[in-house]
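> Just the structure for this:
(2 chains)
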Number of protein chains: 2
Amino acid sequence: MAKVSDELLEMLGEISDLGRARELLAWDEHTKMPPRGAAARAEQIATLTRLRHRRLASDELGRLLDAAEATLEGARPDSFAASLVRVSKRDWEKARRVPAELRAEIARTTALAEHTWEAARAESDFGAFLPSLERVIELKRRYLECFEFDHPYDPLLDDFEPEMKTAELGPLLARVRDGVGELLAEIAAAGTELDASPLFGSFPPGEQEALAQDVAARLPLEPDSWRLDSTVHPFATGIAISDLRITTRFDPGYVGTALWSVIHEVGHAMYNNGIDPELARTPLCRSTSMGFDESQSRLWENWVGRGRPFLGHLLPLLAERFPERFAGLEAEELYRAANRVGASPIRVEADEVTYNLHIVLRFELELALFEERIAPRELPEAWRERTREYLGIEVADDAAGVLQDVHWAAGLYGYFPTYCLGNMIAAQVWEGARAELADLDDQLARGELAPLRDHLRERIYRHGAKLAPTELIEAVTGGPLDPGPLIAGLRRKYGELYELG
Amino acid sequence: MAKVSDELLEMLGEISDLGRARELLAWDEHTKMPPRGAAARAEQIATLTRLRHRRLASDELGRLLDAAEATLEGARPDSFAASLVRVSKRDWEKARRVPAELRAEIARTTALAEHTWEAARAESDFGAFLPSLERVIELKRRYLECFEFDHPYDPLLDDFEPEMKTAELGPLLARVRDGVGELLAEIAAAGTELDASPLFGSFPPGEQEALAQDVAARLPLEPDSWRLDSTVHPFATGIAISDLRITTRFDPGYVGTALWSVIHEVGHAMYNNGIDPELARTPLCRSTSMGFDESQSRLWENWVGRGRPFLGHLLPLLAERFPERFAGLEAEELYRAANRVGASPIRVEADEVTYNLHIVLRFELELALFEERIAPRELPEAWRERTREYLGIEVADDAAGVLQDVHWAAGLYGYFPTYCLGNMIAAQVWEGARAELADLDDQLARGELAPLRDHLRERIYRHGAKLAPTELIEAVTGGPLDPGPLIAGLRRKYGELYELG
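So this is what the prediction gives:
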């Protein structure tokens, strides 16, 4: 009979608590911390990281896992005990390979590099950021050398998309790149322009914040279990299943940043919020991969948040806060504004189609970095070249180019591709939801989002990390990860909007 | 030659980081956390407490301290090395006596009890709080039994006022009680009434918050190193020397709560902010005792914040936010309003004189609890009786009585007396500051607070915990702890205000 000892649960609980406490320190750093707290905060985060890592990589945890493993015969692979041991063992084996001091050094260095990045981005001064960037990349190279690999990018990718290999990812992203490229060429040839002007103008941040709170409150998170704050680079984090932190930023000239980034981050929070409470304080209490995590943020952001039915529901909220822009606007006009395709240098402001090319660009540069085909100092120029090639536009300055994202300062190499994987998965999952929830469009139009949430919770969220990404996609869609539905979905939606043949 | 090893500094640094991280979790819990996060937060705080305690009580720390101690011969007692070893060893010896599981259990139980208390206070329902209270007191009894003592209250007191004994504290508080009692009798006999009505009325919380931010910004904390938030029970905490969190609450009918609680909490933060940065990440990076800590909150709140000169400086700020109450008011009228003596059931709203009786009441009940002369369930009645005896008023309900303070839910038995010790020390320190800073009143009237802060930093703050409380009071005032200056100061100030003979 499968048995998980109290000692094992307690040890895993401590590891979980240390990780969650670190998440809170990071959330606070990016939303509340007085600026001069940064140096001490980096030490505090490094300490929690080191202590967590020591436990995770400890002989004692290995022994407790071995003892639990010995009791698993006959247990279903998706039982709590078998899943717990399998996932914990994987974490343990990975942790054993990395010295605690290197982990702590990466945590400390990236915490400081994020502040350097923030200042450098504000001044569009890549040179000011370069030494930090070089240091972070150097540490990540030392990190990946702790693993055996076919490709040096594999260990980085594995941290966000477990078990996926670069050799598998490359062709998937190439298919998206090519499919999206064709669609964009057709859109350009069609000569149609959608009018996005209702979304641009003067939107006082105070009113935007009120709107963002309204919108978040309409999404079906458990009440009293979340909060929304502003930050430089929006993110969502879970301090617990019922303690979720959503962040956004406000562009005074474009209301779309706040609107869709809130829906995106709530999507992340929804996944966390839907995990079976039985999995709390264990390594199963997380999304199975960042691709799956992003699939939910992108599903809520794009398939819900940029779809006709829910935009129709949002229009009165927009009109209430900004009557001069939205009172009297037709729902169809808002739909067209929300879905205008046009190359923008900024990823987080990109439309649903070109967004994928922003990801491909970053993935290719990360590959080049870790294959040592380019040096960090060459990144700004390489960024400009690829932006020209993929998006056909010029980058005005590094703030709008290589400095736009926090990820490279934060050491999150291997993360970007998961946004595109998320788009693929979201399209696959959305097909299933549509087939099952016959009334979905009407529900969304009425702002009834609970049925969709329940559908997703039942199929995805509640499992946490019990099922591996490949198992979960199979369980949800009956097949493997497939870029087809994404490309087909984009063609269908934008074919209609742009009246393509 | 005295030598502190890197290993020792690193171990102490980890202990410090765990403690500061826990402080941030607690701050967040009381200011930002979504309500449903409480259960998980209690576990997280318990884990950090347990891990911190394990390190603090470890054999390894004992060995590192012994090794450092062996190098101390000839070192000045107030040198960094000697102070560090002495204070760390004291912490270590105390920690060794307490099982980590008991520490964690207290942390977990009090974190939950604080939420129960909040809800019970809102409903004025002592019965709802009683089981939590009994559990906390039971745990504190188990805690004190870990120590040898002459009096069961000694180990509790020692956590806040190191080395002070109940036998020494009792007579000090009795002198204050008697001195204050005489003064109050004279005030009552004089028949004079001061008019406090300008402070009462309708003060919208938004405007009060703006005022609180204005006032905090006028106080000489290092810029970019603090923030002010609202909470149920005001407190200040230091996440680092340059990362200070001040909290306050807003009473819509009385502007004094926000005003003086902000100055009070900034006083705590000022102490933290003034500690020599060399002491960061060590056990020396704290106030030497809660009595000294409170002496600074009370000094800034009362001697500065309720004094004629600085109130004159604050009046324009008040008039700007609430012109209908304060425009046209004379500075002397504000001074009289701010210093009206009158029994109130609520400690944090008490005037400077009766405040001390609130403390004596709590101290006497704590003594009775731990001498097992009364049971927790008898507290509401005992509270009402003593309020009648000391303050001559009736307690309307338990929310305004035994449930008003968070301390007993939070397990902070032995803390209350330090408020009164703080009042004594503040009076002694203020005498010294007046003697040295000839221009003090004029500076305060101009809002120039930096000279006073620098005086206090030089004599008190920068030392952190390097000097024991008895050493520090001797170093600052040339004598021992003495209630005389407090009683004399109150007589002087209120003698003038109430025109006593």
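
> which bits of chain A sit near chain B?
Residues of chain A lying close to chain B (Cβ under 8 Å from any Cβ of the partner chain) are A:13-14, A:17-18, A:20-21, A:24-25, A:28, A:32-37, A:39-41, A:43-44, A:47-48, A:50-51, A:222, A:224-227, A:239-244, A:280-281. Where C-beta positions appear, they are placed from N, C-alpha and C, glycine not excepted.

> Narrow these to those that are buried.
Taking 16 or more other Cβ atoms under 10 Å in any protein chain shown as the criterion, what is buried in those is A:13-14, A:17-18, A:20-21, A:24-25, A:28, A:32-34, A:36-37, A:39-41, A:43-44, A:47-48, A:50-51, A:222, A:225-227, A:239-244, A:280-281.

> and the gap between residue A:73 and residue A:2?
Using Cβ to Cβ, to the nearest Å, we find residue A:73 at a distance of 8 Å from residue A:2.

> meant to ask about residue A:147, not that
Distance, residue A:147 to residue A:2, by Cβ to Cβ: 30 Å.

> Settle it for me: which of these two has more neighbours?
residue A:2 (18 against 14; other Cβ atoms under 10 Å in any protein chain shown).

> any idea how far residue A:471 is from that one?
Counting by Cβ to Cβ, the gap from residue A:2 to residue A:471 is 19 Å.

> go on, residue A:479?
Residue A:479 sits 12 Å away from residue A:471, going by Cβ to Cβ.

> Just the CA coordinates for the lowest-mean-pLDDT helix or strand in chain A, please, in CSV.
Here the helix or strand of chain A ranked lowest by mean pLDDT, DSSP states H and E is helix A:100-123, holding a mean of 92. Taking Å, rounded to 0.1, in the frame of the first residue of the first chain, the C-alpha atoms of helix A:100-123 are listed here in CSV:
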residue,chain,number,x,y,z
ALA,A,100,23.6,25.6,-3.4
GLU,A,101,26.0,28.5,-3.6
LEU,A,102,25.5,28.8,-7.4
ARG,A,103,21.7,28.9,-6.9
ALA,A,104,22.1,31.6,-4.2
GLU,A,105,24.5,33.5,-6.4
ILE,A,106,22.1,33.4,-9.3
ALA,A,107,19.3,34.5,-7.0
ARG,A,108,21.3,37.4,-5.6
THR,A,109,22.7,38.5,-8.9
THR,A,110,19.4,38.4,-10.8
ALA,A,111,17.6,40.3,-7.9
LEU,A,112,20.2,43.1,-8.4
ALA,A,113,20.3,42.8,-12.2
GLU,A,114,16.5,43.5,-12.3
HIS,A,115,17.1,46.8,-10.6
THR,A,116,19.9,47.7,-13.0
TRP,A,117,17.7,46.7,-15.9
GLU,A,118,14.9,48.9,-14.6
ALA,A,119,17.1,51.9,-14.5
ALA,A,120,18.8,51.1,-17.8
ARG,A,121,15.5,50.6,-19.5
ALA,A,122,14.3,54.0,-18.2
GLU,A,123,17.4,55.6,-19.8
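
> How about the helix or strand that that helix is followed by, which residues are buried there?
Following helix A:100-123 in sequence order, the next helix or strand is helix A:126-144 (DSSP states H and E). Neighbour-count burial for helix A:126-144, counted by 16+ other Cβ under 10 Å, picks out A:126, A:128-130, A:132-133, A:135-137, A:139-140, A:143-144.

> what does stretch A:255-262 give?
Buried residues in stretch A:255-262, counted by 16+ other Cβ under 10 Å: A:255, A:256, A:257, A:258, A:259, A:260, A:261, A:262.

> just how off-centre is that stretch within its chain?
Its chain's average C-alpha position is 15 Å from that of stretch A:255-262, according to Cα atoms, centre = their mean, to the nearest Å.

> got it, and stretch A:405-425?
Distance of stretch A:405-425 from the chain centroid (Cα atoms, centre = their mean) equals 7 Å.

> what's the answer for stretch A:12-22, then?
The answer for stretch A:12-22 is 21 Å, by Cα atoms, centre = their mean.

> Residues in contact with it: which ones?
Stretch A:12-22 is contacted by residues A:45, A:48-49, A:51-52, A:55-56, A:61, A:84, A:88, A:238-240, A:280-283, A:285, B:21, B:25, B:40, B:43-44, B:47-48, B:50-51 when judged by Cβ atoms under 8 Å, 6 or more residues apart in numbering or on different chains.

> Contact partners for residue A:55?
By Cβ under 8 Å, 6+ apart, the contact list for residue A:55 reads A:11, A:14, A:15, A:18, A:61.

> Have a look at residue A:479 and residue A:471 and say which one is more surrounded.
Taking other Cβ under 10 Å, residue A:479 and residue A:471 do not tie; residue A:471 has more neighbours (14 against 11).

> If you count neighbours, what's buried in the one helix or strand the more buried one maps to?
Applying DSSP H and E as the criterion places residue A:471 in helix A:469-477. Neighbour-count burial for helix A:469-477 flags A:469, A:472, A:473, A:476, A:477 (criterion: 16+ other Cβ under 10 Å).

> mean confidence for it?
The pLDDT scores in helix A:469-477 average 96.

> Ok, stretch A:140-159 next?
97.

> Provide the contact partners of it at residue level.
Stretch A:140-159 is contacted from outside by A:94, A:97-99, A:102, A:106, A:164-167, A:169, A:366-367, A:370-371, A:411, A:413-414, A:417, using Cβ under 8 Å, 6+ apart.

> Which members of those are classed as buried?
A:94, A:98, A:102, A:106, A:164, A:166, A:169, A:366-367, A:370, A:411, A:413-414, A:417.

> just checking, which of these belong to helices?
Taking DSSP state H, the ones among those that sit in helices are A:94, A:102, A:106, A:166, A:169, A:366, A:367, A:370, A:417.

> May I ask which two of the residues you listed are separated the most?
Greatest spatial distance in these: A:102 and A:169, 25.1 Å, computed using Cβ to Cβ.

> okay, now the residue nearest to residue A:7 when sequence neighbours are not counted: neighbour count?
Nearest residue to residue A:7, sequence neighbours excluded (Cβ to Cβ, 6 or more residues apart in numbering or on different chains): residue A:64, at 5.7 Å. Residue A:64 is flanked by 22 other residues according to other Cβ under 10 Å.

> Name the SS class of residue A:64, please.
Using DSSP: H, G, I helix; E, B strand; the rest coil, the structure places residue A:64 in helix.

> Would you enumerate the residues in contact with it?
With contacts defined as Cβ under 8 Å, 6+ apart, the neighbours of residue A:64 are A:5, A:7, A:8, A:11.

> Sitting in helices, which of those do you find?
Residues of these located in helices (DSSP H): A:7, A:8, A:11.

> can you pull the buried residues of the strand or helix carrying residue A:337?
Following DSSP H and E, the helix or strand that holds residue A:337 is helix A:331-338. For helix A:331-338, a neighbour-count test (16+ other Cβ under 10 Å) marks A:331, A:333, A:334, A:335, A:336, A:337, A:338 as buried.

> you'd agree the fifth one is up against residue A:193?
I take that to be residue A:336. No. Counting by Cβ atoms under 8 Å, residue A:336 stays clear of residue A:193, with 9.8 Å between them.

> which residues in chain A form strands?
Counting by DSSP state E, chain A has strands at residues A:226-230, A:236-240, A:243-248.

> for those strands, which one sits closest to residue A:484?
strand A:236-240 (28.5 Å).

> Give me the mean pLDDT for the closest one.
Mean predicted lDDT for strand A:236-240 stands at 98.

> the inter-axis angle of that strand versus strand A:243-248?
For strand A:236-240 against strand A:243-248, the angle by axes from the mean of the first three to the mean of the last three Cα atoms, to 10 degrees is 170 degrees.

> hey, C-alpha coordinates of strand A:236-240 in PDB?
What follows is strand A:236-240, C-alpha atoms only, in PDB (Å, rounded to 0.1, in the frame of the first residue of the first chain):
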ATOM      1  CA  ALA A 236       1.300  37.000 -11.400                       C
ATOM      2  CA  THR A 237       2.500  34.900  -8.500                       C
ATOM      3  CA  GLY A 238       0.900  32.500  -6.000                       C
ATOM      4  CA  ILE A 239       1.700  32.800  -2.400                       C
ATOM      5  CA  ALA A 240      -0.800  30.100  -1.800                       C
END
